[in-house]
Each structure stands twice: as structure tokens, then as C-alpha cells.
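Participant: using only what follows, build the 3D model:
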Amino acid sequence: MRRQLLPLLLGACLLTACSSGSDEPVAAPARTTGSPAAAPTQYEQYVALGDSYTAAPLVPPTDVSTICLRSGVNYPALVAEAMPGTELTDVSCSGAQTANVTAPQSGQGGGTVPPQIDAVRRGTDLVTIGLGGNDENLFAGVLGRCTQLARTDPTGSPCRDAFVEQDLEAAFLRIHGNVAGVVRTVQKKAPDARVLVVGYPHIVPASGTCDLLPLAQGDYAFAELVTQGLNDAVRAGAADAGAEYVDLWERTAGHDICAADPWINGRITSAQTALAYHPLAAEQRAAAEAVLAQLR
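Facilitator: Residues are numbered from 1 along each chain as shown. Got it, this is the predicted structure:
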């Protein structure tokens, strides 16, 4: 029997439960946090589309008035800060899938946000896209379900055994197509915009284990393979649609959850650091540096 990828959002709380209000796209003023790098090119209207790895939930300060839980120092805010005069409209939202570029996103605890594409205007000249990880419930199955299955066989590979290889291959192909579709949707609405697709960071260690990422011993390699496959799919989608790709995989190597200097939070949610299994402030600074380096 073919098993389906199991639903859950990137680790915890489904990032959907913090508001009952709506979240209209508005320009987000840059905060004084220190520019991570300098970008020589000036852009007037910058729109950031993305999921929780763009929104950076619970990285202080976080806007908890909406279901999106956007941090005021996520990478879009840092990129805009490095380009004085650039107006940022950040509609990244925790829990977003590529489908939420053109369809509203609703939270389990109430609250709905408009389609992210609503923020893009014909005059928008810079767009970053950080989406794909929530499609097919991919990360959810790895970081959510796999940690649950670890209790059933802590020295084995129960999560790898629960997935069917063909299902994963098909999921990556669909994510590839979904990301390409998002890029084309943006290009159609803002034909002169520079479009950057931002990949995902290293989350799982290349070797070793740790209590902050409670997987079964045999599932660490599988989880690393899935997150790498996701990045490959996102990169391919960007290439198919003619967008630039910003690689975070190499830049964040050695800073996974289990690293001595982690840039991804472990299983403990903290309002002083980040949501479980989500980027810490250091990862967002690294992402901003990568985007700005691409814009040079």
C-alpha cells in the first residue's frame, strides 16, 4: 500500500493559531538592526513572499497579531534595511504553501490572510520567494511525524520505512512545478521585477545525532536526504521559470540543529529565540547576506 505524506506544518503549533483577524499586505518599515551587507543596486518596491522560513516566527520582535508570526528582523527586513529608500511589503506567512500565492490562507485557530500575490504590483521591481517546504506536507512529515515515530524504534529507521520512494520522487516533481508556477505568476503581474527564489538552510546534521532533534538513529540520513531533495526541487523550479536562485544550503552548512553553533532552533519553542525547528536570528542574517550578495 502506498503511504501518503502526513500533514503537519514544519514542526509544531502549525503556526496557524495566533489571531482571528485578517492580515492585509502593508509596507513593513525597516528596523535599525545593523545592515548585514551592502547592496549597490537600488530597488523601489520590494515584495517578500514566503513561508515560516522567511517569516522567522518568534524571532524577536515578532508580530503576534496575525497568524503569520512575522519577525521584524527576518531576512526581508534586513535586506530592505541594507537598501535605504526601498519600500518593503513582506507578506511571508508561517504555514504558507505555494498555493497561498493565489489563494487565501486560513489558520486553524482563526484568521485569514489574503493571497500573497495581492502584494505584488506592476511597478514592483524586486521579489523574493521562499516557498515549497510546506507543499506535500514534506517538512511536516520529516520534522513532525519522524520525531513521533522515533519513539517506536529509536535505534532503527521507522520514518524512512514509512515513506515510499516513489511518493517522495513525485512530491519533489510537484514542488518543482509549483515553485515554477509561483515565479511565472509573479512575472506576469510584475514583468519588470527581478525575481529571486530563496532556498532552505541546513536543518539536519550531515552526521551525528542530538537530543534537540529527536529522530531515530537511522532516520537522520533520511531526513537530510529529504531536505536536500527539497532544495533541489526549489532550485529546479526557479531555473525552469527563469528566476535567480539563492542557495542557503552551502552557506548554512555546519549550523544545523545539532551543530555547536546552530542557526536552526531545536525542539524547544521559545519566545526569546524561535519556534521549534525554525530559523534563529543568525540564520536570517545569513539569508539576508546571501540575498544581498546576489543583488550586487
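Participant: next, the buried residues of stretch 137-151.
Facilitator: Of all the residues in stretch 137-151, those buried under the rule 16 or more other C-beta atoms under 10 Å are 137-147, 149-150. From N, CA and C alone the C-beta is placed, and that goes for glycine too.
Participant: cool, stretch 268-281 as well?
Facilitator: 269, 273, 274, 275, 276, 277, 278, 279, 280, 281.
Participant: could you dump these to JSON lines with pLDDT and distance to residue 163?
Facilitator: Listed next are the buried residues of stretch 268-281 as JSON lines, based on pLDDT from 0 to 100; distance: C-beta to C-beta, whole Å:
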{"residue": "269", "pLDDT": "88", "distance to residue 163": "26"}
{"residue": "273", "pLDDT": "92", "distance to residue 163": "30"}
{"residue": "274", "pLDDT": "94", "distance to residue 163": "27"}
{"residue": "275", "pLDDT": "94", "distance to residue 163": "24"}
{"residue": "276", "pLDDT": "94", "distance to residue 163": "22"}
{"residue": "277", "pLDDT": "94", "distance to residue 163": "18"}
{"residue": "278", "pLDDT": "96", "distance to residue 163": "23"}
{"residue": "279", "pLDDT": "97", "distance to residue 163": "25"}
{"residue": "280", "pLDDT": "98", "distance to residue 163": "28"}
{"residue": "281", "pLDDT": "97", "distance to residue 163": "32"}
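Participant: what about the nearest residue to residue 246 once chain neighbours are set aside, how many residues close to it?
Facilitator: Among residues not flanking residue 246 along the chain, residue 198 sits closest, at 4.5 Å (C-beta to C-beta, 6 or more residues apart in numbering). As a burial measure, residue 198 scores 27 neighbours (other C-beta atoms under 10 Å).
Participant: list the contacts for residue 198?
Facilitator: Residue 198 sits next to 50, 54, 75, 128, 129, 130, 246, 248, 287, 290, 291 when contact means C-beta atoms under 8 Å, 6 or more residues apart in numbering.
Participant: before we move on, back to that, if you look at the buried residues of stretch 137-151, which of them are in helices?
Facilitator: Among the buried residues of stretch 137-151, the ones falling in helices (DSSP state H) are 138, 139, 146, 147, 149.
Participant: of these, which one scores lowest on pLDDT?
Facilitator: Scanning those for pLDDT, the low point is residue 139. It has 78.
Participant: is it true that that residue touches residue 145?
Facilitator: No - with contact defined as C-beta atoms under 8 Å, residue 139 does not reach residue 145; the gap is 10.2 Å.
Participant: ok, how many other residues are close to the nearest residue to residue 192 once chain neighbours are set aside?
Facilitator: Distances taken as C-beta to C-beta, 6+ apart place residue 125 nearest to residue 192, at 6.3 Å, with adjacent residues excluded. With neighbours defined by other C-beta under 10 Å, the count for residue 125 comes to 17.
Participant: good, we can wrap up now.
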